[in-house]
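J.: Build me a structure from this.
(4 chains)
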Number of protein chains: 2
Amino acid sequence: MGEAKTIPRKTRIQAQNEELILKAALEVFSAYGFRGATVDQIATSCGLSKPNLLYYFRRKEDIYVAVLEHTLHDWLEPLRSLDPAGEPIAEITRYIRTKIRLSRDNPKASRLFANEILHGATAIGAYLKGPLKELVDEKATIIAGWIAEGRLNTVDPHHLIFAIWATTQHYADFEPQVTAVTGNPPDLMQKAEETLTRLFVEGLRPRS
Amino acid sequence: MGEAKTIPRKTRIQAQNEELILKAALEVFSAYGFRGATVDQIATSCGLSKPNLLYYFRRKEDIYVAVLEHTLHDWLEPLRSLDPAGEPIAEITRYIRTKIRLSRDNPKASRLFANEILHGATAIGAYLKGPLKELVDEKATIIAGWIAEGRLNTVDPHHLIFAIWATTQHYADFEPQVTAVTGNPPDLMQKAEETLTRLFVEGLRPRS
DNA sequence: ACCGCTCTTGACCAAGTGATCAAGAATTAA
DNA sequence: TTAATTCTTGATCACTTGGTCAAGAGCGGT
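T.: As a prediction, this is how the structure comes out:
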């Protein structure tokens, strides 16, 4: 038989516009949520007409899923790099630090996920139950090992991970509240990082 | 002059239906957010027709604001009752416990606020900068006093409060993720309470 | 029983929104 | 240059949704 029909390659314009769209979609979806965002908003935000945008992504939901998947991988990288061979306190401290800086530098991604999960995680439910659960279970086992060796105080590893997620992402997801209460001083995130690492490592009860 | 015109009292039916509406509105708004929720949904959910519902609250936003205000007070009660005369560790432990149980028993209120703040807190921005900030500042001062007396480790009180809010509300706001990762065992919230109190008090670093 | 007031609703409207389509403009490979 | 392919858009549709309105039903005080 002859050559198989060439699979349609991605055009220069295609790649370029899809990138534009995903960037604008992150902006809009993170600010207004899936229902709250409009296709027109996204189109205008990246300088395309609405029908043109729908030429690249046929349905609004396709854009949403694409931008979710596009950011998910990066978001979990810090946990992935938790090193079983490292020193436990140092590893977890580093994880907290990396995570809080990620929230500071990419609050939109944080809010996008927060909104998605807050409303039932219908688009990424399968991902949570599959790859995410696997990754968390793996890292929880590592932490459990450290605890068994007496190198960490006894805490449930899963809940520890939840606590780190919650506290670090809080600064992105609840930014208006944080700003309202603190008045948003310039050293806010610096102080947050210090306080969280210290709190998780040392706890509140004074030592000896 | 004669008697001032009597201010229109609240009818039996009025009070009854407004309560119905607020209950249904909490349900719907917490699940779908402000934009995602429809007036029809709320009306159907409490057995009223849409025009009838709009007879009691003229605009969708009025319902939203009403249900927010209706729940705000209760939500802050635990922090309000943090006792400056109490034993610091016991007070904070109690606060964490109360807060996590509130999240467990009223996750809808938690998600309602989470959604509101996540999307800019336009409806309660003034409240955050006013009464909430005052309350938090007051309690932060108390905690700072405890630290100065050497009865707590040195942490920034505001960020400590944020950490407690974030970790406890996480179980309501991110429930699908928590469920997906843990498989939702029956003792989940029990374990969460244990882990969080222990983590905040003792920290991760083993003691001597 | 009567009357004023409150409550309820079917019908309707205007605006907004996701999505389609046909036709034309731009790009690309020969 | 040319012809096929990709890209772009104005016009339009079907549907949803917040909100209105007039007319009637129900209720409470006398």
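
J.: what mean pLDDT would you report for whichever strand or helix holds residue A:133?
T.: Secondary structure assignment for residue A:133, by DSSP states H and E: helix A:133-148. For helix A:133-148, mean pLDDT rounds to 98.

J.: Quick one: distance of that helix to the chain centre.
T.: 20 Å (C-alpha atoms, centre = their mean, to the nearest Å).

J.: before we move on, what about stretch A:105-113?
T.: 6 Å.

J.: if I pick the most centrally placed residue in chain A, what's in contact with it?
T.: Central residue of chain A (C-alpha atoms, centre = their mean): residue A:75, 3.9 Å from the mean position. Applying C-beta atoms under 8 Å, 6 or more residues apart in numbering or on different chains to residue A:75 gives the contacts A:102, A:109, A:110, A:113. Every C-beta, even on glycine, is put in place using the N, C-alpha and C of the backbone.

J.: for it, helix, strand, or coil?
T.: Counting by DSSP: H, G, I helix; E, B strand; the rest coil, the backbone at residue A:75 sits in helix.

J.: still on that earlier bit, for the helix holding residue A:133, report the contacting residues that lie outside it.
T.: Outside helix A:133-148, the residues that reach it (C-beta under 8 Å, 6+ apart) are A:76, A:79-80, A:82, A:84, A:88, A:92, A:152-155, A:157-158, A:160-161, B:180-181.

J.: Helix, strand, or coil at residue A:70?
T.: Residue A:70 ends up helix, using three-state DSSP.

J.: residues near it, how many?
T.: 16 (other C-beta atoms under 10 Å in any protein chain shown).

J.: which non-adjacent residue is nearest it?
T.: residue A:22 (5.6 Å; C-beta to C-beta, 6 or more residues apart in numbering or on different chains).

J.: Sticking with the one you found, tell me its helix or strand.
T.: Per DSSP H and E, residue A:22 falls inside helix A:12-36.

J.: pLDDT weak spots in chain A?
T.: For chain A, the stretches with pLDDT under 70 are A:1-9.

J.: circling back: for the helix holding residue A:22, name the packing helices and strands.
T.: Judged by 3 or more C-beta pairs under 8 Å, 6 or more residues apart in numbering or on different chains; DSSP states H and E, the packing partners of helix A:12-36 are helix A:39-45, helix A:50-56, helix A:60-80, helix A:107-118, helix B:12-36.

J.: Quick check on the closest residue to chain B within chain A: phi, psi?
T.: Nearest residue of chain A to chain B (C-beta to the nearest C-beta) works out as residue A:203 at 2.8 Å. Per-residue torsions, residue A:203: phi 80, psi 180 (degrees, to the nearest 10).

J.: again, but for residue A:37
T.: Dihedral angles for residue A:37 - degrees, to the nearest 10 - are phi -80, psi 150.

J.: I'd assumed residue A:24 was in contact with it.
T.: No - contact criterion C-beta atoms under 8 Å: residue A:37 and residue A:24 do not qualify, at 10.1 Å.

J.: Next, the buried residues of stretch A:53-62.
T.: Judged by neighbour count (16 or more other C-beta atoms under 10 Å in any protein chain shown), stretch A:53-62 contains these buried residues: A:53, A:54, A:56, A:57, A:60.
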